[in-house]
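K.L.:
what shape does this take:
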Amino acid sequence: MDRVEAVLREFVLAAMPGATGALADLPLRSLLSEYGTSRSRVPEWRPRAVHVAPQLTADPRAAKVRRDAEALIAKIEAGEDLTAYLSDRVLEPRDPGAESQPLSARRDRDLLLAEWGVHHLHLTPGHGPDLLFVAFRPDDAYVIGLYSHSDFARKGVLERMVHNWPDSELVHKVSSGLELSQQWSDREHKHLRENGISGPFIEVDGAVWAAASLGMAMDGTPLLVAHAAMGLAWTLDDWREHLDERLREAAEGVDQTLGHKAVGDWEPTVHAGEIGIVRDGCFTPIGRLP
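P.N.:
So this is what the prediction gives:
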């Protein structure tokens, strides 16, 4: 298991931009959270069905940037590399002193994405003031609208997802007939978010909804990432505690798959987003990376 965790660490650090000694010194669960947070900021390059909110077409500002917006949407649909349209921060090395900075100043965090699961893409690689807010799913992309950097905490973003795509799993209905005890203004929500207080809930048409992202931890880590990192760390601890039993189960699975008794040592590796062990060319997964 020492070898498994060493391979996992090496893979994660190699995948993060400009990984520093400060990252390498983190406990494994914290390192996995940082990896998942960094990875979530760059949408996977794959073709998607694109769904455009009708409010974008009706937005008078959209007519002025229609050509750029259509070109970017076409790239999303085709599954092209969108890195040039993302914040420059996603390619910067993590600041070793990031934890001591105010959350709003941390360049290794995207609070809109962490809390509500929404990416902001610049309309052009030159990074002008106009942004498209987009929620990505493995096979779909939901273009919410045209916004600016001052709109990151605008509750209308969540409202638009509720009104246009209530069944898309971008948002979940928590309950009907209940009211939130407090509804913050956009300005208040921005202040809370920048101080690590998450608000993934919204009241729309008499029902309470929540962003499917579940919100963020107080350090700006997406909760989905934090949960995944914790789950993998627990799985690794379980393997360490019950190693003989887990290896016996893995060996039985490999022998059954191959149709004969496997030979050779177990070798740790990362394959298709999972850490696992290989024997006789057959991969046994241990757990999925965040």
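K.L.:
CA only for contacts and neighbour counts going forward, please
P.N.:
Fine.
K.L.:
neighbours of the nearest residue in space to residue 130 that is not next to it in sequence, how many?
P.N.:
Closest residue to residue 130 apart from its sequence neighbours, by CA to CA, 6 or more residues apart in numbering: residue 148 at 5.5 Å. Residues lying near residue 148 (other CA atoms under 10 Å) number 14.
K.L.:
how near is residue 148 to residue 14?
P.N.:
33 Å (CA to CA, to the nearest Å).
K.L.:
try residue 30
P.N.:
As for residue 30, its distance to residue 14 is 16 Å (criterion: CA to CA).
K.L.:
neighbour-wise, which of those two wins?
P.N.:
Neighbours per residue, other CA under 10 Å: of residue 30 and residue 14, the larger number sits with residue 30, 16 against 10.
K.L.:
which ones are touching the more buried one?
P.N.:
residue 229 (CA atoms under 8 Å, 6 or more residues apart in numbering).
K.L.:
so what's the spatially closest residue to residue 224 that is not a sequence neighbour up against?
P.N.:
The spatial neighbour of residue 224 that comes closest, neighbours along the chain excluded (CA to CA, 6+ apart), is residue 213 at 6.4 Å. Residue 213 makes contacts with 114-117, 170, 200, 222-224, as judged by CA under 8 Å, 6+ apart.
K.L.:
host element of residue 55?
P.N.:
Element membership for residue 55, per DSSP states H and E: helix 54-58.
K.L.:
now stretch 109-129, how far from the centre of its chain.
P.N.:
13 Å (CA atoms, centre = their mean, to the nearest Å).
K.L.:
which residue ranges of the stretch 151-290 of the chain form helices?
P.N.:
156-164, 186-194, 223-241, 243-258 (DSSP state H, counting those that start in this stretch).
K.L.:
right, I'll call it a day here.
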